[in-house]
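**Student:** Provided below are the primary sequence and the corresponding predicted coordinates.
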Amino acid sequence: EHGMPRNFFCRKGFFALNVQAICDVRRRFIFVSMDMPGATHDARAFSFSALWAALQSGMLAGGYYILGDAAYRGIRQILTPFIGNLRADESVFSFYH
């Protein structure tokens, strides 16, 4: 699958890699994954990453969370923005997210 050029042609119309990265509060990279072709959806790429395995094994201490976009909905340790008709507090959270 990875050897097929079409798998690297992303929805934005160019060849790419799916890069997922996490930065800490000091803007330092603490995790980077570049294992999947550009046509791979973020959620699928994440499910094959070392970080996914680490989160499933309880690596992230209770009370700590990762901020992610809508592709990461439904993962307990990842906070995603609210979508749709929002209450004021949800709108503020999503704006600063």
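**Tutor:** In hand now; what should we look at?
**Student:** what residue of the chain is the furthest out?
**Tutor:** For the chain, the residue at maximal distance from the C-alpha centroid (C-alpha atoms, centre = their mean) is residue 88, at 25.3 Å.
**Student:** And the pLDDT at the closest residue to residue 69 other than its chain neighbours?
**Tutor:** Spatially, and ignoring its direct neighbours in sequence, residue 69 is nearest to residue 80 (6.4 Å; C-beta to C-beta, 6 or more residues apart in numbering). Where C-beta positions appear, they are placed from N, C-alpha and C, glycine not excepted. Note on residue 80: pLDDT of 89.
**Student:** what do you get for residue 32?
**Tutor:** For residue 32, pLDDT reads 92.
**Student:** which residues touch the host helix or strand of it?
**Tutor:** Per DSSP states H and E, residue 32 falls inside strand 29-37. Residues outside strand 29-37 that contact it (C-beta atoms under 8 Å, 6 or more residues apart in numbering): 1-2, 4, 7-8, 16-24, 44-45, 48-51.
**Student:** now swap in stretch 58-76 and tell me
**Tutor:** Defining contact as C-beta under 8 Å, 6+ apart, one finds that stretch 58-76 is touched by 22, 41-43, 46, 54-55, 77-81, 83, 97.
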